[in-house]
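Asks: Sequence and predicted structure, then a few things I'm wondering about:
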Amino acid sequence: MVSMNDSTSPFQGKTVPLHGKPMTFENIEAAGLTEEELEIQAVEEGLAQRKAQLQQQKQAAAAEERNRLTVQLNKAKDAGVNFRREARETTSEAEKRQLYEWATEADLEVGRLESELGIVRKADQPAVRHQTFFQRNRWAVAVCQVLAVLVAVLYFHGQFNNFGDNIREINHGLQADEKMNAYDDTSMQKLMYEKMVVFIDIPLALLLLFIVAPFMGNYVLPFMKSKKDFYTEFFEDLTPWQRSIITIILSLGLLFYLAVSHNVKP
């Protein structure tokens, strides 16, 4: 131990934690610290610096690992997209099935990497956007739509009968050759006959499809679920633009069929 009365000190001229001043007895006495306390403080300062260095190394390693996982995640996403694109383009069923399996494996890898990176998918996040009244009450809106259709049918049926009564009342004061022909129950019977034919033709068309091309019948029917049915491919393989085109064509076809059904005669 060095005496406090010595004229020289082994710490003379060295920079220590004394507010950046050299370690001299005058500075030590001014700081109110003994030599032993200064040695402890120097050790603590060294440990703090070492701790900061280790923390920086850990952060650098974590950033490097995150970058590596991010690169793998992007590769897995690209692989899934490429596999599905190739599956849509190929004509070989075996190759198509294999490509879809690889795409599924790529999706699983994407999920694993996102979990490691702490990424929450949009589908897993709670909905934060404001929903409209119609979005919050879909069942109520559907019931109102059905009721509106029923009210419209009843209203026009009542108007149909009222105009018929008015025409028949006017005919009482007219000559036989001047009388107007009003729609009556025979007209309503014809309308019901048309709709009956429509609902009979639909199952008959499916039956003919199964007789002529059973593979197409299996593809179209909704309860024939497989990897190659229309409903699965409609939602999983088609683009939004393709689904819109098919929906428009099908709706126009049904409207045209209903229009043609008015020409049916018993």
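Replies: Cool, got the structure. This structure is a prediction, so every number in the text was calculated from the model and none was measured.

Asks: CA atoms for contacts and neighbours, from now on please.
Replies: Will do.

Asks: Which of the three states applies to the nearest residue to D107 once chain neighbours are set aside?
Replies: Spatial nearest neighbour of D107, chain neighbours left out: G80 (6.4 Å); criterion: CA to CA, 6 or more residues apart in numbering. Three-state call for G80 (DSSP: H, G, I helix; E, B strand; the rest coil): helix.

Asks: got a list of what G80 touches?
Replies: Neighbour list for G80: 102-104, 106-107 [criterion: CA atoms under 8 Å, 6 or more residues apart in numbering].

Asks: Point out the ones among those residues that are inside helices.
Replies: Secondary structure from DSSP state H places 102-104, 106-107 of those in helices.

Asks: Out of these, who's the most crowded?
Replies: Ranked by neighbour count (other CA atoms under 10 Å), these have A103 at the top, with 23 neighbours.

Asks: that older thread, need the ones in helices among the contacts of G80 in a markdown table with pLDDT, can you?
Replies: Supplementary listing: the ones in helices among the contacts of G80 in a markdown table, determined by pLDDT from 0 to 100:
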| residue | pLDDT |
| --- | --- |
| W102 | 89 |
| A103 | 88 |
| T104 | 88 |
| A106 | 87 |
| D107 | 87 |
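
Asks: pLDDT-wise, which helix or strand of the chain ranks last?
Replies: helix 25-31 (a mean of 56; mean pLDDT, DSSP states H and E).

Asks: just to revisit the earlier point, which one of the contacts of G80 sits closest to R136?
Replies: R136 has its nearest neighbour among the contacts of G80 in D107, at 31.5 Å by CA to CA.

Asks: what separates the closest one from H262, distance-wise?
Replies: Remark: distance between D107 and H262 (CA to CA, to the nearest Å) = 51 Å.

Asks: if we can go back for a sec, show me which of the ones in helices among the contacts of G80 is closest to A76.
Replies: Checking the ones in helices among the contacts of G80 against A76 by CA to CA gives A106 as the nearest, at 5.4 Å.

Asks: who are the neighbours in contact with that closest one?
Replies: Residues near A106 by CA under 8 Å, 6+ apart: 76-77, 79-80.

Asks: Can you pull the phi/psi pair for T91?
Replies: Backbone torsions of T91, given as degrees, to the nearest 10, read phi -110, psi -10.

Asks: should've said M180
Replies: Torsion angles, degrees, to the nearest 10, at M180: phi -90, psi 150.

Asks: count of residues packed around it?
Replies: Applying other CA under 10 Å, we find 12 residues neighbouring M180.
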